[in-house]
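Peer 1: Quick one, what's the 3D model for this:
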Amino acid sequence: MEICDFKEFVGDVLENGLEVELDEELGYSRYDYRSKSTDNSRNGHSTKTMKTRFVSY
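Peer 2: Okay, here's the model as predicted:
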């Protein structure tokens, strides 16, 4: 396994873990519109850029 593949694998594992944690916290999964008790919506995710005075991530 190459370094790039390993980084992608770790990223996928972490992302999936965070999705499960969010499902548990909110009480409904991303596409489960019938079980939620709020008008708030989970509409996916997009790339973000974090800027600091030293570097952008």
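Peer 1: going forward, measure contacts between C-alpha atoms and count neighbours the same way
Peer 2: Fine.
Peer 1: Pull stretch 13-21 out as CSV, backbone CA atoms only.
Peer 2: C-alpha atoms of stretch 13-21 as CSV (Å, rounded to 0.1, in the frame of the first residue of the first chain):
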residue,chain,number,x,y,z
VAL,A,13,-12.3,5.8,8.0
LEU,A,14,-12.4,9.1,9.8
GLU,A,15,-15.1,10.5,7.6
ASN,A,16,-17.3,7.4,8.1
GLY,A,17,-16.8,7.6,11.9
LEU,A,18,-17.8,11.2,12.0
GLU,A,19,-20.9,10.5,9.9
VAL,A,20,-22.0,7.8,12.4
GLU,A,21,-21.3,10.1,15.3
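Peer 1: how about the helices in the chain?
Peer 2: Using DSSP state H, the helices of the chain run over 3-26.
Peer 1: Give the residue spans of it that score low on pLDDT.
Peer 2: 1, 33, 36, 38-46, 55-57 (pLDDT under 70).
Peer 1: mind redoing it with 90?
Peer 2: The chain contains residues with pLDDT under 90 at 1-8, 11, 15, 19, 22-57.
Peer 1: Give me the buried positions along stretch 14-34.
Peer 2: For stretch 14-34, a neighbour-count test (16 or more other Cα atoms under 10 Å) marks 28, 29, 30 as buried.
Peer 1: can you give me how far it is from the chain middle?
Peer 2: The gap between where stretch 14-34 is centred and where its chain is centred comes out at 9 Å by Cα atoms, centre = their mean, to the nearest Å.
Peer 1: circling back to that earlier point, same list (the buried residues of stretch 14-34) but as TSV, adding distance to residue 37.
Peer 2: Shown next, in TSV, are the buried residues of stretch 14-34 (distance: Cα to Cα, whole Å):
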residue	distance to residue 37
28	9
29	12
30	13
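Peer 1: Identify, from those residues, the entry nearest to residue 53.
Peer 2: Using Cα to Cα, residue 30 is the member of the buried residues of stretch 14-34 that sits closest to residue 53, with 34.4 Å.
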